[in-house]
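Colleague: Predicted model and sequence below, questions to follow.
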Amino acid sequence: MDDKGRMSRLSSLLRRRGIVLPSFEIYGGVSGLVDYGPVGARIKRRVVNSWIEHWGKVPNVVEIDSPTITPESVLVASGHVGEFNDKMSECKSCGGAFRSDHLLVGLHENPDTLDSSELDDLISTNGVICPSCGAHDWSEASAMNLMFQTRIGAMGGSRTAFMRPETAQGMFMLYPSLYRHFRQRLPFGAMQTGKGYRNEISPRQGMIRLREFNMAELEYFIDPEDPPSIDLSRWPEKVRMVPDPDGDHPSEVDISIEEAYESGIVKHPTVAWFLAMTMQFLEDVGVDSSKIRFRQHASTEMAHYASDCWDCELSGEHGWIEVVGIANRTCHDLESHEKHSRSGLLRGWRNFETPVKESREVLKPVGSVIGPAFRERASEVTEALSKLSDLPENIPFTLPLNDGSSVEIEDGMVTRSLQESVVSGEYFTPHVIEPAFGIDRIIWHILDHNYLELEKEGEGYTILALEPSVAPYDLVVLPLFDKDGMGA
């Protein structure tokens with residue numbers, strides 16, 4: 001059959017066969033929301049189960065489940081309250097709101113790397129028209145936070161919260177429990193599947209850009225000074241890689257993951273391992289391997305928490321679309337949560353090969369003075385003094401306490417002395433490598449890549465040739481012709 005209109009025919013099939021349909025259709029539908037029908041829900045469940053089974057084979061990765069409602073304080077610490085934004089341009093004629101970078105698709109190679117003034121200049125220079133009314137009178141691009149806000153509790157005692165934009169923060173909150181579970185030994189990982197929420201400015205492209213979507217994420221905690229050893233020789237096949245054009249390897253190249261790591265295109269061994277494992281998973285669930293590529297983020301488009309990020313993109317009816325993001329989040333999240341929560345539980349411990357003798361100057365509290373001066377807070381002051389790493393040159397000085405308050409330390413309250421000790425190890429903040437999968441986008445490309453329009457003896461027919469691992473039915477028995485009693 002002619003490729004023209006293929007996507008329309010595929011979308012019609014998905015609706016007709018109860019695979020994917022618009023939500024709340026009898027009330028006009030809602031952009032950015034879809035339903036999985038009786039067949040689609042089976043496919044989705046099997047894709048998710050395949051993902052869990054794929055990563056569950058890794059011996060030090062466990063599954064967890066955390067709430068979708070997240071307190072504001074968590075997302076302030078993570079940076080989402082301040083940074084989880086898209087630029088929005090509003091049509092002054094009809095009032096329609098659109099993502100500014102989407103208005104420039106086809107006019108700029110990578111519009112989501114542009115700042116507000118650059119977006120405004122290009123929209124004006126190119127005479128971009130409103131998709132709704134055809135006018136070209138735009139407001140200045142402004143940032144819009146994409147999280148859905150809600151309240152926990154009722155009336156005056158309620159707390160501000162948000163519907164989670166990612167499952168990752170729930171796994172960071174569970175780090176102390178995970179660290180105990182794995183007996184204080186790194187590396188280890190936690191994986192989670194479930195819903196995420198993003199109040200898209202102008203959702204489009206069906207399953208590609210949703211306001212409520214299905215995610216599958218894994219947070220892998222490592223010692224940055226002792227990353228796990230890897231063997232990339234298991235994946236000799238080549239894949240298209242698109243490095244950062246401003247980096248050391250600006251050219252696209254077809255290369256194996258092992259060669260990409262050895263040549264420095266992929267800098268971190270654990271990131272390289274996740275690239276290979278991701279490619280294997282996608283092939284296992286029926287994605288066409290010739291339509292897979294990995295694209296490295298430029299520094300201008302990097303997420304606020306990442307030091308390096310690779311997108312796995314799939315080619316289909318919508319062009320190249322990101323379906324997986326593999327990010328080196330370094331210690332950003334754990335350090336930020338430690339700072340905001342004042343918790344000391346978000347660290348790891350590494351032993352030295354040989355214990356080290358140390359001597360350092362300390363301020364020892366004079367109990368007979370500290371006690372009467374600070375009364376019930378004397379123990380807090382003593383603890384804060386013991387944790388001082390940079391001693392003040394002069395006394396008096398201001399001493400910060402754990403609760404954010406401070407006290408004045410006067411002459412006679414402390415004495416300087418030299419303390420000697422044998423140190424067997426040190427605390428450190430683990431780094432995190434994260435592969436984040438968009439399940440809906442993956443399902444769309446599985447359907448797209450395996451939707452076949454064939455012709456036999458002059459008659460056209462359609463096949464959805466899914467891999468057994470994600471097919472909605474393992475076996476079906478159907479009659480070849482009508483016969484009395486067989487339709488009952």
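Modeller: That came in fine, so what should we check first?
Colleague: And stretch 363-382, what's buried?
Modeller: By neighbour count with 16 or more other C-beta atoms under 10 Å, stretch 363-382 contains the buried residues 363, 365, 370, 373, 374, 378, 380, 381, 382. (Each C-beta comes from the backbone N, C-alpha and C, glycine too.)
Colleague: so of those residues, which ones are in strands?
Modeller: Judged by DSSP state E, the buried residues of stretch 363-382 include 363, 365 as members of strands.
Colleague: Where does the prediction get shaky in this protein?
Modeller: Within the chain, the stretches with pLDDT under 70 are 1-2, 483-488.
Colleague: Spell out the residue ranges of the helices in it.
Modeller: With DSSP state H as the criterion, the chain has helices at 6-16, 38-56, 72-78, 80-83, 116-125, 168-173, 175-181, 257-262, 269-284, 332-341, 367-374, 378-386, 439-449.
Colleague: want to throw the ones you listed into JSON lines with distance to residue 22?
Modeller: Conversion of the helices of the chain to JSON lines gives the following (distance: least, C-beta to C-beta, whole Å):
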{"stretch": "helix 6-16", "distance to residue 22": "8"}
{"stretch": "helix 38-56", "distance to residue 22": "12"}
{"stretch": "helix 72-78", "distance to residue 22": "30"}
{"stretch": "helix 80-83", "distance to residue 22": "29"}
{"stretch": "helix 116-125", "distance to residue 22": "30"}
{"stretch": "helix 168-173", "distance to residue 22": "29"}
{"stretch": "helix 175-181", "distance to residue 22": "39"}
{"stretch": "helix 257-262", "distance to residue 22": "39"}
{"stretch": "helix 269-284", "distance to residue 22": "27"}
{"stretch": "helix 332-341", "distance to residue 22": "36"}
{"stretch": "helix 367-374", "distance to residue 22": "65"}
{"stretch": "helix 378-386", "distance to residue 22": "58"}
{"stretch": "helix 439-449", "distance to residue 22": "14"}
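Colleague: Compare these and report which one is nearest to residue 313.
Modeller: helix 439-449 (9.9 Å; C-beta to C-beta).
Colleague: one step back: of the helices of the chain, flag the one that's most buried.
Modeller: Counting by mean count of other C-beta atoms under 10 Å, helix 439-449 has the highest mean neighbour count of those, with a mean of 24.
Colleague: can you list the domain ranges for the protein.
Modeller: Following automatic domain parsing, one gets these domains for the chain: 6-70+166-333+431-449, 354-425.
Colleague: contacting residues for the nearest residue to residue 90 once chain neighbours are set aside?
Modeller: Of all residues beyond its chain neighbours, the one nearest residue 90 is residue 139 (4.3 Å), with distances taken as C-beta to C-beta, 6 or more residues apart in numbering. Residues in contact with residue 139 (C-beta atoms under 8 Å, 6 or more residues apart in numbering) are 89, 90, 91, 92.
Colleague: okay if I get the domains of the chain as JSON lines plus distance to residue 466?
Modeller: Output for the domains of the chain, formatted as JSON lines (distance: least, C-beta to C-beta, whole Å):
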{"stretch": "domain 6-70+166-333+431-449", "distance to residue 466": "6"}
{"stretch": "domain 354-425", "distance to residue 466": "51"}
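Colleague: out of these, nearest to residue 102?
Modeller: It is, among those and with distance given as C-beta to C-beta, domain 6-70+166-333+431-449, at 6.7 Å.
Colleague: Could you work out the end-to-end span of the closest one for me?
Modeller: Start-to-end span of domain 6-70+166-333+431-449 (C-alpha to C-alpha, to the nearest Å) is 12 Å.
Colleague: swap in stretch 161-180?
Modeller: So stretch 161-180: terminal residues 28 Å apart, C-alpha to C-alpha.
Colleague: Tell me how many other residues surround residue 407.
Modeller: Burial measure for residue 407: 17 neighbouring residues, criterion other C-beta atoms under 10 Å.
Colleague: Can you show me the CA trace of stretch 142-158 as CSV?
Modeller: Taking Å, rounded to 0.1, in the frame of the first residue of the first chain, the C-alpha atoms of stretch 142-158 are listed here in CSV:
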residue,chain,number,x,y,z
SER,A,142,7.8,33.0,29.2
ALA,A,143,8.6,30.1,31.5
MET,A,144,5.8,27.9,32.6
ASN,A,145,6.3,25.3,35.4
LEU,A,146,4.9,22.0,34.2
MET,A,147,4.0,20.3,37.4
PHE,A,148,0.4,19.7,38.6
GLN,A,149,-0.1,21.3,42.0
THR,A,150,-2.4,19.9,44.7
ARG,A,151,-2.8,19.9,48.5
ILE,A,152,-2.3,17.2,51.1
GLY,A,153,-4.9,17.5,53.8
ALA,A,154,-7.7,19.9,54.4
MET,A,155,-8.2,23.5,55.3
GLY,A,156,-5.4,25.3,57.3
GLY,A,157,-3.4,22.2,58.0
SER,A,158,-2.9,21.2,54.4
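Colleague: circling back: let me know the closest of the buried residues of stretch 363-382 to residue 436.
Modeller: Nearest member of these to residue 436, counting by C-beta to C-beta, is residue 380, at 40.4 Å.
Colleague: Pull the contacting residues for that closest one.
Modeller: Per C-beta under 8 Å, 6+ apart, neighbours of residue 380: 374, 401, 402, 403.
Colleague: at 7 Å instead, please
Modeller: Applying C-beta atoms under 7 Å, 6 or more residues apart in numbering to residue 380 gives the contacts 401, 402.
Colleague: cool, and residue 340?
Modeller: Contacts for residue 340 (C-beta under 7 Å, 6+ apart) come out as 73, 76, 77.
Colleague: how far away is it from residue 244?
Modeller: Between residue 340 and residue 244 the computed distance is 31 Å (C-beta to C-beta, to the nearest Å).
Colleague: repeat for residue 118
Modeller: For residue 118 relative to residue 244 (C-beta to C-beta), the value is 19 Å.
Colleague: what's the answer for residue 32, then?
Modeller: In terms of C-beta to C-beta, residue 32 sits 30 Å off from residue 244.
Colleague: Which one of the helices of the chain lies nearest to residue 320?
Modeller: With C-beta to C-beta, the closest approach to residue 320 among those belongs to helix 439-449: 10.7 Å.
Colleague: which other residues reach that closest one?
Modeller: By C-beta under 7 Å, 6+ apart, the surrounding residues in contact with helix 439-449 are 10, 14, 43-44, 47-48, 207-208, 210, 213-216, 285-288, 291, 314, 316-317, 321, 323, 466, 470.
Colleague: Repeat that for stretch 313-329.
Modeller: Stretch 313-329 is touched from outside by 6-7, 205, 208, 268, 271, 274-275, 278, 287, 291-293, 295, 303, 305-312, 432-438, 441-442, 445, 448-449, with contacts defined as C-beta under 7 Å, 6+ apart.
Colleague: at 6 Å instead, please
Modeller: Contacts of stretch 313-329 with the rest of the structure, by C-beta atoms under 6 Å, 6 or more residues apart in numbering, involve 7, 205, 208, 268, 271, 274, 278, 291, 293, 295, 305-312, 432-438, 441-442, 445, 448.
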